[in-house]
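Student: based on what follows, work out the 3D shape:
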Amino acid sequence: MSAPAASPQSAGPRHRGRGVPARQCERGAILVQTAVMLVGLTALSAFVVDYGVLWTARRQAQNAADAAAMAAAMSLAFDVPGDQARARTNAATAVANNPVWGAVVPLGPGDVTFPGCPAGSIGSGTCVRVQVQRTAANNAALPTIFGPLVGVNEQGVRATATAQVLYGDATDCVKPLALPDRWDELRNNVGPPTWEMNDTFERYAPNGTLLSPPVDFYQPPTPFPGPNGTGFSRDVHYARQFEMHPSPNPLVDLAGGERLVPLQIDGPGPGAFLNTFTSCSPRVVRPGDRFDVELSNVNGETGEALSELIGRDPGATWNTSLYGGRGGVSGGCMASGACCASGTCTGLSPRIVAMPVYNPDLWDQNPPDRATAVVTRIVGFFIERYSPANNEVIGRLMVYPALPRSSMTASPSSSFVSSVTLVR
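Tutor: Model prediction:
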């Protein structure tokens, strides 16, 4: 008899192809899939990690550009108008203080420019544009971590910012003491041969008629871009120290003589005068405004207000080394970052105030009733000290940092009111 056929259960292992067992032919498949997945994961890592580096650096570059544009604009606004070389230096310093992905970005010759202001800018000021880039073009390309695995060896970022400088002759927060604008001293000069605040404006007789020559001469500033006239010039009189006395008899005093005229900016009376002095008046004071003279005796309120403002920031001092030797305010709350006025922190010492300047010619044309003063400009004034014994305030002319306004269109050489803002 023939042997019985083998059952399926007893049959030997089946073979495929050229006799390779089924289990053996599937070996290595997972390895291939893993390799493919690793390539995909590497590409994804390059995208996620290196793209994250790119966007972090992009944000840091924008911060550096914003800071540099503002630093350059502040140099033009509060240091020396028109000094573009100094503005570029300040921009480079700001960029150095804001590294991009751990490295200081070099600024090239064309990275700080002074173009026309873009559409939508405030007023008609000067603009400065700063470009910050980490690219192969300036030999500062960003590194890649996983990129070389997929053929990407470098990447770059570029950011720009534009800041605007505004020069004005009007602002709010103006204090109710006015000083006369400068004139050409030609008659009965006191002290040095040129004009000083202790001189008096002498052009008219007591009845208002013109005196015989020589007489003092005053020319008010004309609207920008006209000439500055004989008045205070930022280029010449910045940091000039004055010793001033509030006038006890403003109706009979000639302009000058180191006298300050009390004004009714927010209404008559000692209470309104003191409140205007110690707080921030919301009224914007500009050239051409006429203010009544405060006829009440406000010498006591003046001394109280000056002492209060000094007491709010006793550590502030005039530093002659600032701004390239032109001088500025340092120390006090501006150094600690805690300057506050009326509950609002502004970053500005309360001893830096805005003061109106009045037209001495119009003042002396109207004797004996000098009941109004006509504003010609606003100046910044740093209150250095106050002497109650002789009711004397000593301070320096300076630039007053104001809020940006569309009406700020004054000449840079004559303006003592400045502001800066980012416009792009």
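
Student: mind showing which ranges of the stretch 1-150 of the chain have poor pLDDT?
Tutor: Residues of the stretch 1-150 of the chain that meet the criterion pLDDT under 70 lie in 1-29, 32-33, 35-37, 39-47, 146-147, 149-150.

Student: show me where it has helices.
Tutor: Along the stretch 1-150 of the chain, the segments classed as helices by DSSP state H, counting those that start in this stretch run 22-25, 29-45, 51-74, 84-96.

Student: also the stretch 201-350 of the chain?
Tutor: In the stretch 201-350 of the chain, the helices defined using DSSP H, counting those that start in this stretch lie at 234-237, 270-278, 299-312, 322-325, 332-336.

Student: domain boundaries for the chain, per the record?
Tutor: 36-168, 177-401 (automatic domain parsing).

Student: just tell me which of these ends up closest to Leu422.
Tutor: domain 36-168 (5.3 Å; Cβ to Cβ). In short, each C-beta sits where N, CA and C put it, glycine included.

Student: the biggest strand by length in the chain to helix 299-312, inter-axis angle?
Tutor: Ranked by number of residues, the top strand in the chain under DSSP state E is strand 372-387. Angle of strand 372-387 versus helix 299-312, following axes from the mean of the first three to the mean of the last three Cα atoms, to 10 degrees, is 60 degrees.

Student: any buried residues in strand 372-387, and which?
Tutor: Across strand 372-387, burial judged by 16 or more other Cβ atoms under 10 Å covers 373-384, 386.

Student: then stretch 96-104?
Tutor: Of the residues in stretch 96-104, those with enough neighbours to count as buried (16+ other Cβ under 10 Å) are Asn98, Val100, Trp101.

Student: just those residues now: which is nearest Val132?
Tutor: After measuring these against Val132 - Cβ to Cβ - the closest member comes out as Val100, at 6.9 Å.

Student: which ones are touching that closest one?
Tutor: When the contact criterion is Cβ atoms under 8 Å, 6 or more residues apart in numbering, the partners of Val100 are Ala57, Gln60, Ala61, Ala64, Val132, Arg134, Val157.

Student: sorry, back to before: how about the helices of the stretch 201-350 of the chain, which one is nearest Ala161?
Tutor: With distances scored as Cβ to Cβ, the stretch of the helices of the stretch 201-350 of the chain nearest to Ala161 is helix 322-325 (22.7 Å).

Student: if we can go back for a sec, now the helices of the stretch 1-150 of the chain as a markdown table including distance to Val293?
Tutor: Output for those, formatted as a markdown table (distance: least, Cβ to Cβ, whole Å):
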| stretch | distance to Val293 |
| --- | --- |
| helix 22-25 | 109 |
| helix 29-45 | 76 |
| helix 51-74 | 37 |
| helix 84-96 | 42 |
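
Student: out of the ones you listed, nearest to Asn228?
Tutor: Distances from Asn228 to each of these were compared by Cβ to Cβ, and the smallest falls on helix 84-96, at 21.6 Å.

Student: dump the domains of the chain to TSV, plus distance to Val423.
Tutor: What follows is these, written out as TSV (distance: least, Cβ to Cβ, whole Å):
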stretch	distance to Val423
domain 36-168	5
domain 177-401	17
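
Student: for Ser415, find the nearest of those domains.
Tutor: Closest approach to Ser415 among those is made by domain 36-168 (3.9 Å; Cβ to Cβ).

Student: rewinding a little: weakest of the helices of the stretch 201-350 of the chain by average pLDDT?
Tutor: Note on those: helix 322-325 shows the lowest mean pLDDT, a mean of 86.

Student: and that one, what does it pack against?
Tutor: Applying 3 or more Cβ pairs under 8 Å, 6 or more residues apart in numbering; DSSP states H and E, one finds that helix 322-325 contacts strand 328-331.

Student: quick one: low-confidence ranges for the stretch 201-350 of the chain?
Tutor: Segments of the stretch 201-350 of the chain classed as low confidence (criterion: pLDDT under 70) are 341-346.

Student: which stretches of it form strands?
Tutor: Taking DSSP state E, counting those that start in this stretch, the strands of the stretch 201-350 of the chain run over residues 241-246, 259-262, 290-292, 316-319, 328-331, 340-341, 344-345.

Student: ok, Pro388 - how many residues close by?
Tutor: Burial of Pro388 is recorded as 11 neighbouring residues (other Cβ atoms under 10 Å).

Student: that one touches Gly303, doesn't it?
Tutor: Yes. Look at Pro388 against Gly303 with Cβ atoms under 8 Å: they come within range, at 5.5 Å.

Student: where's Pro314 relative to Thr278, distance?
Tutor: Distance check for Pro314 against Thr278: by Cβ to Cβ, to the nearest Å, it reads 16 Å.

Student: what residues are bridge-paired with the nearest residue to Leu260 once chain neighbours are set aside?
Tutor: Beyond its immediate neighbours in the sequence, the residue positioned closest to Leu260 (Cβ to Cβ, 6 or more residues apart in numbering) is Leu177, lying 4.5 Å away. In this structure, Leu177 has the following beta-bridge partners (DSSP bridges): Pro262.

Student: give the contact list for Leu177.
Tutor: Residues touching Leu177, when contacts are defined by Cβ under 8 Å, 6+ apart, comprise Pro246, Leu260, Val261, Pro262, Leu263, Phe277, Thr302, Met355.

Student: can I get those in TSV including neighbour count and distance to Gly269?
Tutor: Conversion of the contacts of Leu177 to TSV gives the following (neighbours: other Cβ atoms under 10 Å; distance: Cβ to Cβ, whole Å):
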residue	neighbour count	distance to Gly269
Pro246	22	16
Leu260	21	18
Val261	23	16
Pro262	26	11
Leu263	27	13
Phe277	23	13
Thr302	25	14
Met355	23	20
